[in-house]
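Novice: Prediction below, plus the sequence it came from.
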Amino acid sequence: MFQRFMFILTLLLSLPVSAADYDTYCNERFGFCVDYPTSFGMKPPPENGDGREFYDHSGFQMTASGINNVLDATVASEMKSRAQDFDRVTYRKQAKGWYALSGYKGEDILYVKSFVGQYSISTLYLQYPTALKSDYDATVNHMVKSFIPGDLSEAH
């Protein structure tokens, strides 16, 4: 019976997530918010309250975090630094106050979006198996569109 339950649970966790199946995480310290599927697990928060990590049982990982901009990073410098996390960058977009990168890290797709302000930075980091890209496309799109920064004009 337990094996059947685990099989059904695994199937349910791998189904595409509909818009009604999201919760919103808002960070109290930095003020950014992002939607995440209600089926995702959440790791315990770090002591400094800078963000949260979420995951599913198929290899999807999401980190939403904030840092104080103590090194006076710009959108361009932060984008260049974050590109080092990738084995291969296939998409770059830079606009006033934010950037996005997408590409590959090992066998996974990696997507990063950051809002860079004078005193703080809010970042969304998504990593998931390339083989499940089509399964996650709608979920990734929803998360990215829902990600909003907190007040970047002050340190937290």
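Specialist: It's in. From a predicted model like this one, the values you see are computed outputs, not experimental measurements.
Novice: just to confirm, which helix or strand has Asp135 in it?
Specialist: Remark: Asp135 resides in helix 133-146, with elements defined by DSSP states H and E.
Novice: I should have written Ile109 there, sorry.
Specialist: Counting by DSSP H and E, the element that carries Ile109 is strand 108-116.
Novice: mind checking how far His156 is from Thr123?
Specialist: Separation of His156 from Thr123 (Cβ to Cβ, to the nearest Å): 14 Å. In this view, the C-beta of every residue, glycine as well, is placed from N, C-alpha and C.
Novice: Find residues that contact each of these two.
Specialist: Common neighbours of His156 and Thr123, using Cβ atoms under 8 Å, 6 or more residues apart in numbering, are Gly66.
Novice: more neighbours, the two?
Specialist: Taking other Cβ atoms under 10 Å, His156 and Thr123 do not tie; Thr123 has more neighbours (21 against 18).
Novice: For the more buried one, which non-adjacent residue is spatially closest?
Specialist: Nearest residue to Thr123, sequence neighbours excluded (Cβ to Cβ, 6 or more residues apart in numbering): Ser114, at 4.3 Å.
Novice: The one you found and Trp98 touch, don't they?
Specialist: Yes. The pair Ser114 / Trp98 is scored as a contact, 6.4 Å apart, by Cβ atoms under 8 Å.
Novice: what is in contact with these two at once?
Specialist: The contact sets of Ser114 and Trp98 overlap at Val75 (Cβ under 8 Å, 6+ apart).
Novice: Those two - which one has more neighbours?
Specialist: Using other Cβ under 10 Å as the criterion, Ser114 and Trp98 rank with Ser114 on top: 25 against 20.
Novice: follow-up on the earlier one: could you check the angle helix 133-146 makes with the following helix or strand past the strand holding Ile109?
Specialist: Remark: after strand 108-116, the chain's next helix or strand is strand 120-129, criterion DSSP H and E. Calculated by axes from the mean of the first three to the mean of the last three Cα atoms, to 10 degrees, strand 120-129 forms an angle of 170 degrees with helix 133-146.
Novice: Which positions in strand 120-129 come out as buried?
Specialist: By 16 or more other Cβ atoms under 10 Å, the buried positions in strand 120-129 come out as Ser120, Ile121, Ser122, Thr123, Leu124, Tyr125, Leu126, Gln127, Tyr128.
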